[in-house]
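K.L.:
Sequence plus predicted model, see below.
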Amino acid sequence: LSLDLAVQNLGAGHNLPTGVNDQKHMWLEITLTDAQGRVVYQSGQDGAETPGTVAWLEHFRDAKGERITNHLTFATAEVVWIRKPIAAKSEEIVSYDIALPADAAFPLHLSARLMFRVALPDLLFKNLGHRALAVPAFAMAELGREIPGN
């Protein structure tokens, strides 16, 4: 299944995400279920830093190439964008090529959420030494669509 999603920034008046993008970040959470309700594809459920997740986030690296996760930006030698922010009144098309199981029953149901979090959990741990403090994420936008069989 080839799937294209348009992530649009139509109302913010600034880049999304904005601000300190080594911390403020957003990502797509995708779930695809078949006609029997079986999950046939998922991405992004475990947050922006899960391999394969589409995320708008930058990494700060020090002079040794090590990632800086405690937001001590004065030590930054390099900034590496995982995905650059979406400018105001712009969009980015995100493409997925999904290998469906042979027994996937149509129609499929797509659930997509654009998630946002103000800080990475590592920031709290490294600066406060506490993993139990949660950094809540919230959905900025949601989409549900039925995908009919071919």
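P.N.:
Done, it's in.
K.L.:
burial of the nearest residue to Leu108 once chain neighbours are set aside, as a residue count?
P.N.:
In space, and not counting its chain neighbours, Leu108 is closest to Ile147: 4.2 Å by CB to CB, 6 or more residues apart in numbering. Bear in mind the C-beta positions are built from the backbone N, C-alpha and C, glycine included. Applying other CB atoms under 10 Å, we find 14 residues neighbouring Ile147.
K.L.:
Contact partners for Ile147?
P.N.:
When contacts are counted by CB atoms under 8 Å, 6 or more residues apart in numbering, Ile147 touches 1, 32, 106-110.
K.L.:
List only buried entries from these.
P.N.:
32, 108, 110 (16 or more other CB atoms under 10 Å).
K.L.:
export the helix or strand where the last one lies as PDB, just CAs?
P.N.:
When elements are defined using DSSP states H and E, Leu110 is found to belong to strand 108-117. This file holds the C-alpha atoms of strand 108-117, laid out as PDB (Å, rounded to 0.1, in the frame of the first residue of the first chain):
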ATOM      1  CA  LEU A 108      -8.800  -0.800   5.700                       C
ATOM      2  CA  HIS A 109      -9.100   1.900   8.300                       C
ATOM      3  CA  LEU A 110      -6.400   4.500   8.700                       C
ATOM      4  CA  SER A 111      -6.000   6.500  11.900                       C
ATOM      5  CA  ALA A 112      -3.300   9.200  11.800                       C
ATOM      6  CA  ARG A 113      -2.400  11.700  14.500                       C
ATOM      7  CA  LEU A 114       0.100  14.500  14.500                       C
ATOM      8  CA  MET A 115       1.600  14.500  17.900                       C
ATOM      9  CA  PHE A 116       3.500  17.200  19.800                       C
ATOM     10  CA  ARG A 117       5.700  17.200  22.900                       C
END
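K.L.:
Residues in contact with that strand: which ones?
P.N.:
Outside strand 108-117, the residues that touch it by CB under 8 Å, 6+ apart are 1, 3, 5, 7, 17, 24-35, 40, 44, 47-48, 100, 135-147.
K.L.:
I'd like the distance between the residue nearest to Leu108 and Gly65.
P.N.:
Separation of Ile147 from Gly65 (CB to CB, to the nearest Å): 42 Å.
K.L.:
All set, thanks.
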